[in-house]
Structures are given as C-alpha cells and as structure tokens.
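Participant: requesting a structural model of the entry that follows:
(chains A and B)
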Amino acid sequence: DMKVTQMPRYLIKRMGENVLLECGQDMSHETMYWYRQDPGLGLQLIYISYDVDSNSEGDIPKGYRVSRKKREHFSLILDSAKTNQTSVYFCASSLWVYEQYFGPGTRLTVL
Amino acid sequence: GDSVTQMQGQVTLSEDDFLFINCTYSTTWYPTLFWYVQYPGEGPQLLLKVTTANNKGISRGFEATYDKRTTSFHLQKASVQESDSAVYYCVLENTGGADRLTFGKGTQLIIQP
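Facilitator: Numbers count the residues shown, from 1 in each chain, chains lettered A, B, ... in the order given. Presented below is the predicted three-dimensional model:
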C-alpha cells in the first residue's frame, strides 16, 4: 500500500518555540520533499532530500532545516518559529520526479 | 527560469457543465507538463501527464492538450460532476536539472449540485 504519512496533522505553537514535523513513506523512494501551501500561492518547495543525509535547498529554505537519517523518514524543523510560518506543510516522496506522492498535510499555526 | 501561470483562481460550474482551465508556461527547453488535483483534506495527486512527444493526455475523463505555439496547456472535461470539486494545479517539470516541479497557483473548481 503506497502511502505517505505526516505527523502531527494539526499543531499550534507560540512564536519562538521549536517545531518538528515528521514524514514517513513505505515505498522505499529515495527522493522526498517538503512543501508549504498558502492561499493564492500554491505549493512552494522548501527542501529536497535525495537520500539519507543528502539534502538540498528548495525555493524557500530560509527559516527551515531538515533531517533524513533513514530512507523512509524525513523531518522538517523550524527553530524558533515565526508567525509567518503559519501554513499547511506537505511532504512528498517520488521514484520519478514528476509523480510525487503527497501526504495529507500538517496545518501549523504559530501564534 | 521556468514558470506556469493559472489566471483563474476559481471556477464555479453546475453538474454536467463543460470544464476548461487555462494554463500557460514559460521554459527554455521542451517541457513535460502535468496536471495535479487536490481534493479537500488531502495532498495533491497526479492527474495526468503530457510530453512534447504525444501532445495530449487523458485520465479519469479529463483531457489536457499541449500547444507549443501558444505555450499553453489547458485542462478540459466534457461533463463535470460534484465529485470533481477540487483544486487543480498546472505543473511543469523543471528543465534545468529536472529534480523538481514548478506548481502553478491552482484553480479552485466548485461544482454546484
């Protein structure tokens, strides 16, 4: 069963707190992604991971970092979260770049 | 750089209406184009793919045609149903390195019963 999971699904944090978003996939895909989705802006790429400990910045990496210690897990970390990081975050994985499998998303609110 | 433009932020139709969603793209090479669909509460998923070789893609009753002359990539469906209510993204596979996709801003399709 091809699946991408994200935890938590909803999260409320205060400005300045650290945030950890987790993503898992069961397809043994090498490549994984983190996006954020904001109204009117569509999907914006934050980071790409090509495999364990092989990560690359996307289009909007500032304020974020990632960790990938196992092929099936990819974490997004916000050190000292800001209110403008309130968004819906999506993780995806892929065998071919064009067919990305997305998780259900995490709705993060930073107060 | 590569870009895609969806001018329609929202489209409202009734069941059995014809759907047409416009998309234009800009790239320096021969593109591979896609439509992704995002249903409420879910992540996006691939709907269909079109390459310069075949110019047309068909999936689940949707059809997309790529026009190199006008750099357009429109999505059509002859008769929409309420279950088609979703956000539709026009997507371009980046030509420089091809390790990522460029998403349009999305078109919200609302189907009134």
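Participant: from here on, just use CA atoms for contacts and neighbour counts.
Facilitator: Fine.
Participant: show me what A:Cys23 bridges to in the sheet.
Facilitator: With DSSP bridges as the criterion, the beta-bridge partners of A:Cys23 are A:Gln6, A:Phe74.
Participant: so it touches A:Met7, yeah?
Facilitator: Yes - taking contacts as Cα atoms under 8 Å, A:Cys23 lies within contact range of A:Met7: 6.5 Å.
Participant: those two: which has the busier surroundings?
Facilitator: Using other Cα atoms under 10 Å in any protein chain shown as the criterion, A:Cys23 and A:Met7 rank with A:Cys23 on top: 25 against 16.
Participant: tell me the contacts of the residue in chain A positioned nearest to chain B?
Facilitator: When Cα to the nearest Cα is the measure, chain A has its nearest residue to chain B at A:Gly42, with 4.0 Å between them. Under the criterion of Cα atoms under 8 Å, 6 or more residues apart in numbering or on different chains, the neighbours of A:Gly42 are B:Phe103, B:Gly104, B:Lys105, B:Gly106.
Participant: how close does the last one sit to A:Cys23?
Facilitator: Taken as Cα to Cα, to the nearest Å, the spacing of B:Gly106 relative to A:Cys23 amounts to 24 Å.
Participant: then A:Leu78?
Facilitator: According to Cα to Cα, A:Leu78 stands 14 Å off from A:Cys23.
Participant: same question, A:Gln6
Facilitator: From A:Gln6 to A:Cys23 the distance is 5 Å (Cα to Cα).
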